[in-house]
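[1] need a 3D model of the following:
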Amino acid sequence: MIPTKAFMVKGAGVHKDMLASFELALRNAGIEKYNLVSVSSILPPNCRIVEKEEGLPELKPGAIVHCVLARNQTNEPHRLMAAAIGTAIPVAAKEQYGYISEHHSFGEDEITAGEYAEDLAATMLATTLGIEFNVESAWHEREQVYKASGHIFDSLHTCQCAKGDKEGKWTTVVAAMVFVIP
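    Purely as a prediction, here's the structure:
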């Protein structure tokens, strides 16, 4: 049971009930029809990252679907929150697995939270490849070290940000890497 494809989604929802706001966020992301099972952080070797429009049609309503899920919720008016997924994929060695990270935060904008998730995935991959780097350096500096290491890899992210509903309704944000298993 190894995924051959994966795709990223994101969404937000607002409702007076916490669970209903989560359901609306899943609907907004396009993955409400599935029984989602959260898994950890490994992107299998040879698993292609595809667009949502290519991956979704391969899933059937009610199916058990594995994903790496980031989720955040608040009922505090105007509170900024984020849910982000980052991934890092070895390019040169297709038989090498990659990493997926999830990040959920308060007070971070979309760029900050998204880059943090991407950095986390890239750092996890870099440590498995034996790339030495300064953990205190900024993401963009480490990104250059990773690319210059000879272990070239791609990294990307998706992030959903929202501010808590001004009237105090529950607001939920989600981001996910969804797996397609043949």
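
[2] export only the CA atoms of stretch 106-125, formatted as PDB.
    Output of stretch 106-125 as PDB, limited to C-alpha atoms (Å, rounded to 0.1, in the frame of the first residue of the first chain):
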ATOM      1  CA  PHE A 106      -1.000  31.800  15.400                       C
ATOM      2  CA  GLY A 107       0.200  35.200  14.400                       C
ATOM      3  CA  GLU A 108       2.100  34.100  11.200                       C
ATOM      4  CA  ASP A 109       1.100  35.300   7.700                       C
ATOM      5  CA  GLU A 110       0.900  32.900   4.800                       C
ATOM      6  CA  ILE A 111       4.400  33.400   3.600                       C
ATOM      7  CA  THR A 112       6.000  33.000   7.000                       C
ATOM      8  CA  ALA A 113       4.000  29.900   7.900                       C
ATOM      9  CA  GLY A 114       4.400  28.300   4.500                       C
ATOM     10  CA  GLU A 115       8.200  28.900   4.300                       C
ATOM     11  CA  TYR A 116       8.500  27.500   7.900                       C
ATOM     12  CA  ALA A 117       6.800  24.300   6.800                       C
ATOM     13  CA  GLU A 118       8.900  24.000   3.700                       C
ATOM     14  CA  ASP A 119      12.100  24.700   5.700                       C
ATOM     15  CA  LEU A 120      11.100  22.000   8.200                       C
ATOM     16  CA  ALA A 121      10.700  19.400   5.500                       C
ATOM     17  CA  ALA A 122      13.900  20.400   3.800                       C
ATOM     18  CA  THR A 123      15.800  20.300   7.000                       C
ATOM     19  CA  MET A 124      14.500  16.800   7.800                       C
ATOM     20  CA  LEU A 125      15.500  15.600   4.300                       C
END
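
[3] average pLDDT across that stretch?
    Across stretch 106-125, pLDDT averages out at 93.

[4] what's the pLDDT at the closest residue to residue 24 other than its chain neighbours?
    Once flanking residues are discounted, residue 24 sits nearest to residue 13: 2.6 Å by CB to CB, 6 or more residues apart in numbering. (C-beta placed from N, C-alpha, C; glycine too.) Looking at residue 13, its pLDDT stands at 98.

[5] what residues are bridge-paired with residue 13?
    Here residue 13 shows beta-bridge partners residue 172, assigned using DSSP bridges.
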